[in-house]
Every structure is written in C-alpha cells, then in structure tokens.
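# Here is a sequence together with a model predicted from it:
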Amino acid sequence: MDLLLLSNSTQHGHGYLEHAMAAVTAFLPPAARLAFVPYALADHDTYTARVRGALEPAGITVRGVHEGPDPVRELASCDAVFVGGGNSFRLLSALYRTGLRDAIGTAVRAGTPYLSASAGTNMAAPTLRTTNDMPIVQPPSFDALGLVPFQINPHYLDPDPHSTHKGETREERLTEFLEENDVPVLGLREGSWLRVTGDHAQVDGERPARLFTRTRPPRELPTGTDVSHLLATAPRFDTPAR
C-alpha cells in the first residue's frame with residue numbers, strides 16, 4: 001500500500017495543504033486524477049472547491065466523489081484518493097452509507113495511493129476509538145478502513161503546564177484507551193505525517209510524533225524515525241489491562 005497520512009490540512013500561517021504541498025505532490029502520480037471524499041464536512045461542494053483550488057495549480061485534477069451519481073464509480077475512475085478532515089463520525093457513517101468503506105479499502109490494498117488528513121487519517125486505523133471528535137452521528141460500527149494495524153491520533157496536543165483547565169489531557173485520554181485496548185497509538189502533532197510505502201513506515205513533517213503503548217511510557221519519535229515495526233502490530237481491542 002501507498003499511504004500519506006497527514007495530521008492536519010490547515011497549518012497556522014499557511015494556506016490549505018501548503019505546509020505539506022511538497023510531500024503531497026511528490027506522493028501523487030504526475031497529472032493525477034484525484035478522487036476527493038468530502039463527507040467529513042456538511043458542505044461537500046465548497047469543500048471540494050477548496051481542495052481543487054489548492055491542488056489543480058500543481059497539475060492535479062480533483063473530482064469530488066459526490067459529483068456523480070455513484071461515488072464508488074467516481075473512485076474507480078481516479079488514480080488516487082484523498083479523504084479529507086472534519087468530523088470523523090460523520091465521515092465514517094457516510095463511507096458505510098455510500099459503499100466507499102469497502103471500495104476504498106479494496107482499491108488501496110490493490111495499489112491506489114491514499115492521501116488523508118485529520119478525520120481521513122483516523123479512517124486509516126482499525127477503529128474510530130482514538131478520534132478527538134464529538135459523535136454527532138452514529139455510524140453502523142466504529143470499524144474504519146484498517147489500512148494500518150495500529151491507531152493514530154491526529155492533532156495530538158501536548159499538555160500545557162501553565163493551563164488551569166482541569167479536564168483530561170490528550171495523553172490521559174490515550175492512556176485510558178490503552179487500559180481497555182492493547183494496540184499502539186501514534187500521536188501526530190500539527191505539521192507531521194506518516195508515510196507508508198509497502199512494508200516501510202516513517203514519521204515525517206515539521207514536528208516529532210509521540211508513540212503510546214500499554215507496556216511502556218510514551219516515546220518521542222523525531223522526524224525521519226522508521227516505525228515499520230508498527231505494521232506488524234496484532235491489535236487487541238476490548239482487552240482490559242490486568
């Protein structure tokens with residue numbers, strides 16, 4: 001499989017996808033016809049226009065999967081797929097409803113490049129359980145695409161030592177997840193991404209990632225770190241720590 005999993009599509013001080021544009025254009029086939037999946041936001045046309053405006057100057061043709069009568073057929077007619085960010089529950093529900101959950105998984109496992117950001121990156125994991133989003137709709141299942149066998153937490157935020165907020169930090173929430181599930185979680189900070197090519201996986205982008213596992217304290221993974229071993233993960237869900 002060929003995956004480029006971005007933590008975020010918008011970065012402070014940059015235009016849409018601008019912070020990762022070099023990686024995106026290097027990842028996509030030359031003059032690619034890109035199927036864009038806009039279902040994480042409510043306004044599909046405006047969202048697709050935003051992606052088109054960012055990528056078409058680079059010679060990439062963008063086609064929203066909602067712009068034809070059959071989203072699965074739109075996907076099949078393109079060279080690569082981009083699943084955009086927004087609300088992960090709304091996105092996964094739409095993937096089930098349109099048949100794209102199975103169609104995208106089949107296409108990507110057959111070699112179609114998969115580009116994603118935020119909620120779309122959540123879809124690459126086995127399950128929705130490590131999203132930051134509110135469940136504004138109820139999908140048929142939390143089972144996502146499972147393109148990688150471990151969990152990802154896009155937009156990972158470090159605890160603010162000066163904050164007076166007493167709610168759970170992101171680290172505390174992921175620790176709670178690991179108390180009930182035995183599967184690594186890769187926290188991708190803003191400006192970082194995961195690149196997967198076949199059996200090779202690497203952290204890249206502007207900032208290090210943070211890896212959470214049940215048996216070890218969280219670890220910092222600098223840009224360029226090889227995390228290919230995570231592709232051999234055997235995830236175990238609903239397995240409380242003893």
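Great, that's in hand. Just so it is clear, the model here is predicted, and its values are computed rather than measured.
# State the mean pLDDT of stretch 106-116.
Mean pLDDT, stretch 106-116: 98.
# Same check on stretch 167-182?
In this model, stretch 167-182 has an average pLDDT of 93.
# And for stretch 131-149?
Per-residue scores along stretch 131-149 average to 97.
# Buried ones in it, by neighbour count?
Within stretch 131-149, the residues scored as buried using 16 or more other C-beta atoms under 10 Å are 131, 133, 139, 142, 144-145, 147-148. For the C-beta atoms, the positions are set from N, CA and C on the backbone; glycine is no exception.
# quick one: Ser192 and Gly120, what's the gap?
15 Å (C-beta to C-beta, to the nearest Å).
# Just give me the residue right at the centre of the chain.
Thr121 (0.4 Å; C-alpha atoms, centre = their mean).
# Please report the distance of that one from Gly85.
8 Å.
# list the residues that contact both of these two?
The contact sets of Thr121 and Gly85 overlap at Pro154 (C-beta atoms under 8 Å, 6 or more residues apart in numbering).
# low-scoring pLDDT stretches of this structure, where are they?
166 (pLDDT under 70).
# in what helix or strand does Phe82 lie?
With secondary structure defined by DSSP states H and E, Phe82 is part of strand 80-83.
# so where do the helices sit in the protein?
21-27, 44-55, 71-76, 88-98, 100-109, 119-123, 170-180 (DSSP state H).
# Deepest-packed of those helices, please.
helix 119-123 (a mean of 29; mean count of other C-beta atoms under 10 Å).
# Number of residues surrounding Val227?
Counted by other C-beta atoms under 10 Å, the residues lying close to Val227 total 20.
# Report the contact partners of it.
Counting by C-beta under 8 Å, 6+ apart, Val227 has contacts 186, 194, 201-203, 211, 221.
# Would you map the strands across this structure?
2-6, 33-37, 61-64, 80-83, 114-117, 151-154, 185-188, 192-197, 200-205, 209-212, 219-221 (DSSP state E).
# which one of the ones you listed lies closest to Arg73?
strand 33-37 (10.1 Å; C-beta to C-beta).
# follow-up on the earlier one: wait, which of the buried residues of stretch 131-149 is closest to Phe237?
Phe142 (9.1 Å).
# okay but the closest one is in contact with Thr130, surely?
No - between Phe142 and Thr130 there is no contact under C-beta atoms under 8 Å: 10.3 Å.
# about what we covered before: kindly reformat the strands of the chain as CSV containing distance to Leu230 and mean neighbour count.
Listed next are the strands of the chain as CSV, based on distance: least, C-beta to C-beta, whole Å; neighbours: other C-beta atoms under 10 Å:
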stretch, distance to Leu230, mean neighbour count
strand 2-6, 12, 24
strand 33-37, 25, 23
strand 61-64, 31, 18
strand 80-83, 20, 26
strand 114-117, 17, 28
strand 151-154, 10, 28
strand 185-188, 7, 26
strand 192-197, 9, 22
strand 200-205, 6, 18
strand 209-212, 8, 23
strand 219-221, 10, 14
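# what about stretch 182-198, how long is it end to end?
24 Å (C-alpha to C-alpha, to the nearest Å).
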